[in-house]
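A.B. asks: coordinates only, sequence not included:
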Ligand SMILES: *[C@@H]1O[C@H](CO)[C@@H](O)[C@H](O)[C@H]1NC(C)=O
Ligand SMILES: *[C@@H]1O[C@H](CO)[C@@H](O)[C@H](O)[C@H]1NC(C)=O
Ligand SMILES: *[C@@H]1O[C@H](CO)[C@@H](O)[C@H](O)[C@H]1NC(C)=O
């Protein structure tokens with residue numbers, strides 16, 4: 001025990017020393033302005049007033065939710081994916097979803113799931129000291145975070161329902177909420193799932209290989225006691241920022257070799273000049289347990305709550321294997337939007353999901369053959385490609 005704690009401290013000290021000495025700011029190319037502004041700063045730069053709201057969940061997490069108030073009644077709630085934050089919905093500036101919605105007078109609420117850079121707070125637990133803070137996955141971000149945020153939004157606005165948009169794991173959060181707390185179906189007028197993630201049966205290399213070895217890798221790394229992954233102030237991000245901000249070589253190494261294999265190749269929609277902007281915002285921090293939970297879905301081909309092993313499962317769920325989320329309880333209207341070249345949200349997996357959902361009002365495969373996982377939030381031509389698909393839905397269901 002003592003050795004473990006000492007080791008953990010050593011890791012923390014070495015990490016912070018490395019982060020500040022190995023990558024002094026003088027050595028790194030300065031990031032562009034849009035990399036350094038937070039959601040509020042970007043909202044203001046692109047012409048809007050932004051409010052910052054704190055939402056406290058039933059289990060004590062304090063979430064930061066950004067709001068761009070608008071005159072239209074039905075609030076639009078945006079939930080980000082793994083290791084990401086509200087910022088992905090706004091870093092394309094005038095071409096982003098958040099600003100485009102605000103320009104059309106929608107009331108925009110951008111959520112930050114527990115544990116990311118904006119929501120690293122709890123009424124009792126200290127994320128730097130209590131590993132219990134990090135004991136969550138996409139389940140809790142759906143079951144608690146989205147539930148608390150929806151209730152908060154409805155209370156502030158006096159409205160009866162939101163339009164809930166999710167990207168990647170943000171869609172998983174919605175599927176968890178709607179299937180395990182069915183009363184929330186009445187509070188969601190429409191759920192728009194961009195790159196939906198529930199089943200992960202058809203992953204391709206290299207992600208499929210990584211997933212196969214996920215538990216082994218986790219076992220090997222266990223002495224490091226990593227609970228937080230890709231923290232905004234952590235060593236991973238310092239490394240990422242340093243190596244990925246060195247011009248065109250960085251683009252090749254970080255985007256073509258580093259990002260595209262996992263997300264799908266689409267150099268057209270993620271151009272070199274956008275990389276430094278993105279570097280200012282990702283990774284934004286997440287729990288390791290969240291990744292392991294997705295990993296379980298890959299290996300089991302099931303969409304179910306976290307598998308703790310037979311003994312704890314029996315205690316928690318009454319079964320040795322966690323029962324699957326009952327997707328037929330997710331009766332809210334749902335739109336599924338998927339890309340042919342998305343390496344994470346595979347068309348065949350979304351088709352399987354669609355068969356389980358009782359109320360899919362729109363199923364759309366993006367026409368563009370190269371459309372990948374990130375294009376749904378970062379694609380430079382969203383106003384010409386994605387928005388014509390989803391804005392009519394905002395109009396129709398608000
Ligand atoms: C965002 O940045 C602004 C300055 O542009 C600052 O006033 C505000 O406190 C920041 N908000 C958060 C949540 O970091
Ligand atoms: C964003 O678009 C608006 C309207 O077209 C324009 O007035 C504004 O200058 C743009 N903002 C930036 C920072 O490019
Ligand atoms: C799932 O929910 C549906 C609809 O409420 C119900 O009929 C069905 O029995 C449930 N399935 C399981 C396995 O609990």
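C.D. replies: Yes, it's here. These numbers come from a predicted model, not from an experiment. Ligands and ions are numbered 1, 2, ... in the order given.

A.B. asks: for the residue of the chain found nearest ligand 2, list the residues it contacts.
C.D. replies: The nearest approach of the chain to ligand 2 comes at residue 94, 3.8 Å away (C-beta to the nearest ligand atom). C-beta coordinates here come from the backbone N, C-alpha and C atoms, glycine included. Applying C-beta atoms under 8 Å, 6 or more residues apart in numbering to residue 94 gives the contacts 46, 100.

A.B. asks: could you measure from it over to ligand 1?
C.D. replies: Noted for residue 94: a distance of 18 Å to ligand 1, by C-beta to the nearest ligand atom, to the nearest Å.

A.B. asks: do the same with residue 369
C.D. replies: Distance from residue 369 to ligand 1, by C-beta to the nearest ligand atom: 38 Å.

A.B. asks: ok, residue 59 next?
C.D. replies: Counting by C-beta to the nearest ligand atom - residue 59 and ligand 1 are separated by 22 Å.

A.B. asks: same thing with residue 133?
C.D. replies: 19 Å.

A.B. asks: residues touching that residue, list them.
C.D. replies: 115, 122, 125, 126, 127, 227.

A.B. asks: just to revisit the earlier point, tell me if the residue of the chain closest to ligand 2 really is in a helix.
C.D. replies: Yes. Membership of residue 94 in a helix is supported by DSSP: H, G, I helix; E, B strand; the rest coil.

A.B. asks: what does the pLDDT read for it?
C.D. replies: You'll see residue 94 listed with a pLDDT of 98.

A.B. asks: try the one 5 residues further on
C.D. replies: Confidence per residue is given as pLDDT, and for residue 99 that number is 98.

A.B. asks: which helix or strand contains it?
C.D. replies: Element membership of residue 99, judged by DSSP states H and E, is helix 97-103.

A.B. asks: near ligand 2 at all, that helix?
C.D. replies: No. Judged by C-beta under 6 Å from any ligand atom, helix 97-103 stays clear of ligand 2, getting no closer than 7.6 Å.

A.B. asks: so residue 54 sits in a strand?
C.D. replies: Yes. Checked against three-state DSSP, residue 54 lies within a strand.

A.B. asks: pretty sure it sits against residue 66.
C.D. replies: No. Under the criterion of C-beta atoms under 8 Å, residue 54 makes no contact with residue 66, lying 11.1 Å away.

A.B. asks: of the two, which one has the most company?
C.D. replies: residue 66 (26 against 12; other C-beta atoms under 10 Å).

A.B. asks: so where does the more buried one fall, helix or strand?
C.D. replies: strand 62-68.

A.B. asks: immediately after that strand, which helix or strand?
C.D. replies: strand 75-79.

A.B. asks: and residue 161, what is it in contact with?
C.D. replies: So residue 161 contacts 74, 154, 186, 187, 188, 189 (C-beta under 8 Å, 6+ apart).

A.B. asks: widest-spaced pair of those residues?
C.D. replies: The span of these, defined through C-beta to C-beta, is set by 74 and 186 at 13.8 Å.

A.B. asks: so residue 63 makes contact with residue 149?
C.D. replies: Yes. Residue 63 is within contact range of residue 149, at 6.6 Å (criterion: C-beta under 8 Å).

A.B. asks: which neighbours do the two share?
C.D. replies: What both residue 63 and residue 149 touch, as defined by C-beta under 8 Å, 6+ apart, is the set 55, 111.

A.B. asks: how many residues are close by residue 312?
C.D. replies: 12.

A.B. asks: how near is it to ligand 3?
C.D. replies: Residue 312 is 21 Å from ligand 3, by C-beta to the nearest ligand atom.

A.B. asks: secondary structure class of that residue, three-state.
C.D. replies: helix.

A.B. asks: give me the element the spatially most central residue of the chain is part of.
C.D. replies: Per C-alpha atoms, centre = their mean, the C-alpha nearest to the average position across the chain is that of residue 81, at 1.3 Å. Under DSSP H and E, no helix or strand contains residue 81.

A.B. asks: contacts for the strand holding residue 66?
C.D. replies: 39-40, 43, 48-57, 86, 98, 101-102, 107-114, 118-119, 121-123, 145, 148-149, 152-153.

A.B. asks: what's the PyMOL line that selects buried ones from those residues?
C.D. replies: Typed into PyMOL, the line below selects the buried ones among the contacts of strand 62-68, using 16 or more other C-beta atoms under 10 Å:
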select buried, resi 39+40+43+48+50+55+57+86+98+101+102+107+108+109+110+111+112+113+114+118+119+121+122+145+148+149+152+153
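
A.B. asks: near ligand 2, which residues of the stretch 51-200 of the chain? Just list them.
C.D. replies: residue 94.

A.B. asks: can you show me the strands along the stretch 51-200 of the chain?
C.D. replies: 51-56, 62-68, 75-79, 107-110, 162-167, 188-194 (DSSP state E, counting those that start in this stretch).

A.B. asks: I'd like those as CSV, with mean pLDDT appended.
C.D. replies: What follows is these, written out as CSV (pLDDT from 0 to 100):
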stretch, mean pLDDT
strand 51-56, 98
strand 62-68, 98
strand 75-79, 98
strand 107-110, 98
strand 162-167, 98
strand 188-194, 98
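
A.B. asks: for these, which one sits closest to residue 207?
C.D. replies: Of these, nearest to residue 207 by C-beta to C-beta is strand 162-167, at 17.3 Å.

A.B. asks: and the closest one, what other elements does it pack with?
C.D. replies: For strand 162-167, the packing partners by 3 or more C-beta pairs under 8 Å, 6 or more residues apart in numbering; DSSP states H and E come out as strand 75-79, helix 147-157, helix 169-180, strand 188-194, helix 387-397.
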